[in-house]
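**Q** Pasted the sequence and its predicted model underneath.
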Amino acid sequence: SAASDVYKRQAPLYHVRPDCAPILILSGDREKELYGRYEESAYFYRLFKLLGHPDVTLYELGGFDHGSMCAAAFPLAVRFIRDHEKK
């Protein structure tokens with residue numbers, strides 16, 4: 001359907017390029033997260049690496065699920081932003 005095609009074109013996977021801004025990917029624990037979510041994030045990360053993106057980082061936040069990962073994710077995100085503001 002046309003709606004399905006629009007949805008697919010908007011998926012992050014179709015926007016992987018080596019010249020994107022620095023990227024931070026945060027995922028909950030693969031055993032606590034929605035099934036397959038970590039693997040999707042790892043695939044997304046791998047595609048950026050294969051295309052030669054110079055600054056992509058993936059963290060799996062052990063012990064946290066999608067709803068509880070904010071406590072671990074926020075400090076990582078703030079540090080990532082601050083580190084990249086200097087560049």
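**A** Now that the structure is in, tell me what you want to look at.
**Q** now the residue most central in space within the chain: how far from Ser4?
**A** For the chain, the residue nearest the mean C-alpha position is Ile25 (2.6 Å; C-alpha atoms, centre = their mean). Ile25 sits at a distance of 25 Å from Ser4 (criterion: C-beta to C-beta, to the nearest Å). Glycine gets a C-beta too; all of them are placed from N, C-alpha and C.
**Q** likewise Leu13?
**A** 15 Å.
**Q** Please apply the same query to Glu60.
**A** Distance, Glu60 to Ser4, by C-beta to C-beta: 30 Å.
**Q** now Phe48
**A** Phe48 is 25 Å from Ser4, by C-beta to C-beta.
**Q** more neighbours, these two?
**A** Phe48 (20 against 8; other C-beta atoms under 10 Å).
**Q** State the helix or strand in which that one lies.
**A** Assigned by DSSP states H and E, Phe48 belongs to helix 37-50.
**Q** I'd like to know which elements that helix is packed against.
**A** Under the contact criterion of 3 or more C-beta pairs under 8 Å, 6 or more residues apart in numbering; DSSP states H and E, helix 37-50 touches strand 23-28, strand 56-61.
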